[in-house]
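Q: Next comes the sequence, and after it the predicted model I'd like to discuss.
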Amino acid sequence: MTERTAGVTGARALVETAAAGGVEVCFANPGTTEMPLVTALDEVPAVRPVLGLFEGVCTGAADGYARIAGKPAMTLLHLGPGFANGIANLHNARRAHSPVLNVVGDHASWHLPHDAPLTSDIVSLATPVSGWVGTVDSAARTSEITAEALAAARRPPGRGATLIVPADFQQETVTGPMAAVPRRPAPARVDAATVEAVAKRLREGSPSVLLLGAGAVTERGQRAAARIAGATGARLYSETFPAAAERGGGLPALDRLPYFPEVAIKALAGAGTVVLAAARAPVAYFGYAGTPSELAEPGTVRVLAEPAEDAEQALEDLAEALGAAPITSTDRSSDILNVSDLPSDGPLTPAAIGLIVSALLPENAVVSVEGGTCGYPFFTASANAARHTTLTNTGGAIGQGLPAALGAAIAAPERQVIALQSDGSAQYTIQALWTMAREQASVITLIASNRQYGILRTELDRHGGSTAGSASATLTGLDDPPLNWAALAAGYGVPAERAETGAELIRALRRALAEGGPQLVEMVL
């Protein structure tokens with residue numbers, strides 16, 4: 001406990017406790033029941049308020065912030081309906097193990113029994129997307145319960161915490177000490193017996209696969225995995241949608257496990273051992289008749305490190321147990337993409353976009369990828385890009401890409417952020433552009449504009465359908481009317497440009513990188 005000035009409101013006690021616990025940013029879309037908390041943000045300048053025009057922008061930005069900063073951001077949401085608007089990106093944040101602290105205002109405790117129009121069961125809404133849910137039951141305990149919520153959010157491997165705060169407890173004056181937030185515990189070290197059991201299995205010599213999750217796709221984790229691969233011949237994959245993966249700059253050319261189950265099954269076929277390092281056992285994204293849900297062959301999966309454990313250290317311990325030789329740094333300058341060799345003539349293609357974006361990436365950039373049209377070609381090309389961090393859509397709920405890019409830019413303003421986005425998914429949280437403009441966030445949004453839901457048309461084919469049917473064409477097309485990206489961006493205060501060829505994209509991206517601040521380029525396919 002630490003001393004606090006007597007006579008502050010419960011709302012200020014909450015914000016002070018969050019600030020003392022390391023929270024620096026609050027992504028907010030407040031309403032009537034959060035006005036005391038808004039006032040508290042005036043009084044505690046250590047927490048920066050960032051307004052989102054839609055709650056899904058706030059929750060997605062908090063997720064992106066946490067992935068890059070490695071610590072919690074706070075959201076401020078209005079009652080159950082406001083929280084519900086943010087659930088999709090909290091689903092993604094849960095899958096990413098992001099430490100997000102959601103603060104949700106509720107009706108005054110004495111008003112709740114009257115079932116006012118905005119009354120709802122916030123606990124039921126929050127539970128599926130939160131590792132911890134709590135309600136402030138008195139103004140005097142606000143600081144204590146806030147500290148508990150923050151500690152829960154930061155518990156390895158990270159999870160969402162949702163704190164519900166009735167309006168009357170926000171307004172009441174409280175005295176007494178402010179609760180201290182415990183330090184974030186270090187991930188548990190994997191015991192030697194587990195490491196040796198996996199090493200023994202790999203020594204048997206059958207083909208093997210090493211699947212890396214979020215805690216293992218760091219530089220340190222990838223280098224240790226490369227040592228293991230060198231000693232055993234294991235094939236390396238990351239999870240299909242890792243929360244944050246280091247990429248390029250001489251790191252191993254790590255493939256993602258393929259998305260479609262038939263291709264993933266083929267990639268894992270013949271592996272006598274599939275070792276999981278902070279990854280979940282691979283399963284198909286959707287169930288298809290005649291295709292198994294579990295992608296690895298039965299009996300082959302072995303867990304080296306759970307997501308809450310120290311996967312980096314476990315991989316290094318495994319490399320040592322196998323007697324794997326150290327990997328010396330190699331000069332890969334000849335592999336780096338050369339702009340003069342890039343495709344510049346003719347219409348843009350996904351492959352050309354992947355090469356161009358990878359070649360022009362500045363050192364230490366962050367790339368928020370949403371959409372398969374250009375995401376997969378970019379990931380293939382980016383092995384030879386400058387060092388960067390890639391964020392992907394961990395939970396599959398559409399509308400993550402732009403908010404995550406916004407949050408990443410606020411977490412690391414010194415880093416250039418690229419949002420590699422498809423036109424359909426961008427519309428889910430297009431309001432993020434306005435917050436980028438207001439905050440002058442260093443985000444360049446690249447829109448793959450094919451005027452369709454491409455993944456749905458692929459799924460139509462997989463289910464024996466086609467776009468020949470009027471309903472199928474209507475429900476998967478975005479061309480009637482076509483989206484006017486220049487007008488949309490301008491309406492939110494973001495300069496925009498259109499590129500139809502490789503040469504035009506190269507010019508537009510170079511200009512945007514040079515000018516800084518939020519920019520948008522429509523890449524016409």
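A: Received it, and whenever you're ready, just let me know what you need.

Q: Quick check: what element follows the strand or helix carrying Ala314 along the chain?
A: Per DSSP states H and E: Ala314 is located in helix 311-321. Where DSSP H and E defines the elements, the next helix or strand beyond helix 311-321 is helix 350-360.

Q: what does that next one contact?
A: 248, 337-339, 342-343, 367, 373-374, 376-382, 384-385, 418, 420, 446, 448, 502, 505-506, 509-510, 513, 523, 525 (Cβ atoms under 8 Å, 6 or more residues apart in numbering). The way it works is simple: take the backbone N, C-alpha and C, and place the C-beta from them, glycine included.

Q: Helix or strand next in line after that helix, which one?
A: Remark: after helix 350-360, the chain's next helix or strand is strand 365-370, criterion DSSP H and E.

Q: relative orientation of the following helix or strand past that next one and helix 350-360 in degrees?
A: Where DSSP H and E defines the elements, the next helix or strand beyond strand 365-370 is helix 372-381. Computed by axes from the mean of the first three to the mean of the last three Cα atoms, to 10 degrees, the angle separating helix 372-381 from helix 350-360 equals 50 degrees.

Q: Direction included, what does the helix or strand that helix 372-381 is followed by pair against?
A: Following helix 372-381 in sequence order, the next helix or strand is strand 388-391 (DSSP H and E). Looking at strand 388-391 with DSSP bridges, its partner strands are strand 245-247 (antiparallel), strand 365-370 (parallel).

Q: got those strands as CSV, with mean pLDDT and mean neighbour count columns?
A: Shown next, in CSV, are these (pLDDT from 0 to 100; neighbours: other Cβ atoms under 10 Å):
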stretch, mean pLDDT, mean neighbour count
strand 245-247, 96, 25
strand 365-370, 97, 28
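
Q: for those strands, which one sits closest to Ala167?
A: strand 365-370 (35.1 Å; Cβ to Cβ).

Q: List the contacts of the closest one.
A: By Cβ under 8 Å, 6+ apart, strand 365-370 touches 64, 68, 357, 361, 375, 378-379, 382, 386, 388-393, 398, 400-402, 404-405, 408-409, 412, 415-422, 425-426.

Q: among the residues you listed, which ones are buried?
A: Among those, those scoring as buried are 64, 68, 357, 361, 375, 378-379, 382, 386, 388-393, 398, 400-402, 404-405, 408-409, 412, 415-422, 425-426 (criterion: 16 or more other Cβ atoms under 10 Å).

Q: so what does the helix or strand of the chain with the lowest mean pLDDT touch, helix or strand wise?
A: In the chain, no helix or strand scores lower on mean pLDDT, DSSP states H and E than helix 454-462, which sits at a mean of 78. With contacts taken as 3 or more Cβ pairs under 8 Å, 6 or more residues apart in numbering; DSSP states H and E, helix 454-462 sits against helix 372-381, helix 470-476.

Q: Of these, which stretch is the most buried?
A: Across these, the average number of neighbours (mean count of other Cβ atoms under 10 Å) peaks for helix 372-381, which reaches a mean of 22.

Q: Also compute the angle for that one relative to helix 454-462, please.
A: Using the same axes, to 10 degrees: helix 372-381 against helix 454-462 is 100 degrees.

Q: Show me what helix 372-381 is packed against.
A: helix 350-360, strand 365-370, strand 417-422, strand 443-449, helix 454-462.

Q: repeat that with 7 Å
A: Applying 3 or more Cβ pairs under 7 Å, 6 or more residues apart in numbering; DSSP states H and E, one finds that helix 372-381 contacts helix 350-360, strand 417-422, helix 454-462.

Q: who's in contact with the last one?
A: Right, helix 454-462. With contacts defined as Cβ atoms under 7 Å, 6 or more residues apart in numbering, helix 454-462 is touched by Gly372, Thr373, Ser466, Thr467, Ser472, Thr476.

Q: mind redoing it with 8 Å?
A: Residues contacting helix 454-462 (Cβ under 8 Å, 6+ apart): Tyr288, Gly371, Gly372, Thr373, Ser422, Gly424, Ser466, Thr467, Ser472, Leu475, Thr476.

Q: what's the closest residue to the first one other than its chain neighbours in contact with, if anything?
A: Counting by Cβ to Cβ, 6 or more residues apart in numbering, the nearest residue to Tyr288 once its immediate chain neighbours are dropped is Pro261, at 6.5 Å. If you count contacts by Cβ under 8 Å, 6+ apart, Pro261 has them with Ala284, Tyr285, Tyr288, Thr291, Pro292, Leu295.

Q: I'd like the distance from Pro261 to Gly375, if you could.
A: 18 Å (Cβ to Cβ, to the nearest Å).

Q: which residues touch Gly221?
A: Leu212, Gly215, Ala277, Ala278, Ala311, Glu312, Leu315.

Q: and of those residues, the nearest to Leu76?
A: Nearest member of the contacts of Gly221 to Leu76, counting by Cβ to Cβ, is Gly215, at 28.9 Å.
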